[in-house]
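Engineer: Make a model of this:
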Amino acid sequence: MDLPLQITWRGIARSDALDAAIRDKAAKLQQFHEGIMRCKVLIELPGGHNNQGRRFGVRVELKLPGGEITVNREHDEDVHVALRDAFDAARRRLQDFAREPRGAA
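Structural biologist: Sure thing, here's the model as predicted:
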């Protein structure tokens, strides 16, 4: 099943290579939980004055039956590192979610 995926670009131009990487990483999340109903990814380069250089942010939101997972990661200078870290964290949270017993009332 194709995962419903929404990618939003904020303050950064869309990149075909980055778009393909996001789609690949989102598809791989289904290996850890097949019930993912939606995946939203926000890639942003916030504006404003920052003496520390460019700081890329990546937000991954997963909608699951019985819950949601949201992960935010930032990295100086490298959006690919922020993307990798965000999806790695989402995968770990998804694995934890899949292990939790549900419906035991």
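
Engineer: Going by C-alpha atoms from here, please, whenever you check contacts or count neighbours.
Structural biologist: Will do.

Engineer: helix or strand for N72, which one?
Structural biologist: strand 67-76 (DSSP states H and E).

Engineer: Can you give the strand pairings for that strand, parallel or anti for each?
Structural biologist: strand 55-64 (antiparallel) (DSSP bridges).

Engineer: Could you double-check that A86 lies in contact with I69?
Structural biologist: No. With contacts counted by C-alpha atoms under 8 Å, A86 stays clear of I69, the gap being 11.5 Å.

Engineer: Looking only at neighbour counts, state which of those two leads.
Structural biologist: Between A86 and I69, counting by other C-alpha atoms under 10 Å, A86 is the more crowded of the two (21 against 15).

Engineer: The closest residue in space to that one that isn't next to it in sequence pairs with what?
Structural biologist: Leaving aside its sequence neighbours, A86 sits nearest to R73 (C-alpha to C-alpha, 6 or more residues apart in numbering; 5.3 Å). Beta bridges link R73 to V58, judged by DSSP bridges.

Engineer: Any figure for the gap between R73 and G66?
Structural biologist: Separation of R73 from G66 (C-alpha to C-alpha, to the nearest Å): 24 Å.

Engineer: How about the contacts made by the closest residue to Q30 other than its chain neighbours?
Structural biologist: Leaving aside its sequence neighbours, Q30 sits nearest to I36 (C-alpha to C-alpha, 6+ apart; 6.8 Å). Counting by C-alpha atoms under 8 Å, 6 or more residues apart in numbering, I36 touches 3, 30, 62-65.

Engineer: would you list those residues in CSV and tack on pLDDT, distance to D19 and neighbour count?
Structural biologist: Formatted as CSV, the contacts of I36 follow (pLDDT from 0 to 100; distance: C-alpha to C-alpha, whole Å; neighbours: other C-alpha atoms under 10 Å):
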residue, pLDDT, distance to D19, neighbour count
L3, 82, 15, 17
Q30, 89, 18, 16
L62, 97, 17, 20
K63, 96, 20, 15
L64, 94, 23, 17
P65, 91, 26, 8
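
Engineer: From these, pick the one nearest I12.
Structural biologist: Closest to I12 out of these is L62 (22.3 Å), distances taken as C-alpha to C-alpha.

Engineer: E100: neighbour count?
Structural biologist: E100 is flanked by 8 other residues according to other C-alpha under 10 Å.
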